[in-house]
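Undergrad: next comes the sequence, and after it the predicted model I'd like to discuss.
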Amino acid sequence: QVQLVESGGGLVQPGGSLRLSCAASGFSLNYYTIAWFRQAPGKEREGVSCITSSDGSTTYTDSVKGRFTISRDNAKNTVYLQMNSLKPEDTAVYYCATSRFPILTTTPNLYDYWGQGTQVTVSS
């Protein structure tokens, strides 16, 4: 059964850090582009970051550049999102997703498999 499972979310104070994990089962992440998306209440889903399978190229939305880092561990079949210097506006449900297209993109329609999401809340 193909499955993506996110973990690592939680409640953190502004300025704090979290590391999200996206673990795959039933298939190998090695051949997929992986992206993190987020959706805050009342807002549209937003592409946060993406990493390709071929050369590990990455991209980030402007609001998280310099604070978030995406990485992948193919041996563990897992992708990570290290989030530092968190702000209240980072509060959202975070989803990981896979795309068979070997390009840097956060266009949701190009992503095939999605996880169930993990809640990140940044608040004092």
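TA: Right, received. Where do you want to start?

Undergrad: from here on, contacts and neighbour counts on C-alpha atoms
TA: Noted.

Undergrad: number of nearby residues for residue 59?
TA: 19 (other Cα atoms under 10 Å).

Undergrad: who does it form a beta bridge with?
TA: Beta-bridge partners recorded for residue 59 (DSSP bridges): residue 50.

Undergrad: isn't it right next to residue 50, touching?
TA: Yes - the pair residue 59 / residue 50 is scored as a contact, 5.5 Å apart, by Cα atoms under 8 Å.

Undergrad: burial measure for the closest residue to residue 57 other than its chain neighbours, as a count.
TA: By the measure of Cα to Cα, 6 or more residues apart in numbering, the closest residue to residue 57 outside its immediate chain neighbours is residue 51, 5.5 Å from it. As a burial measure, the neighbour count of residue 51 was computed by other Cα under 10 Å and equals 26.

Undergrad: list the contacts for residue 51?
TA: Residues in contact with residue 51 (Cα atoms under 8 Å, 6 or more residues apart in numbering) are 33-35, 57-59, 70-72, 104.
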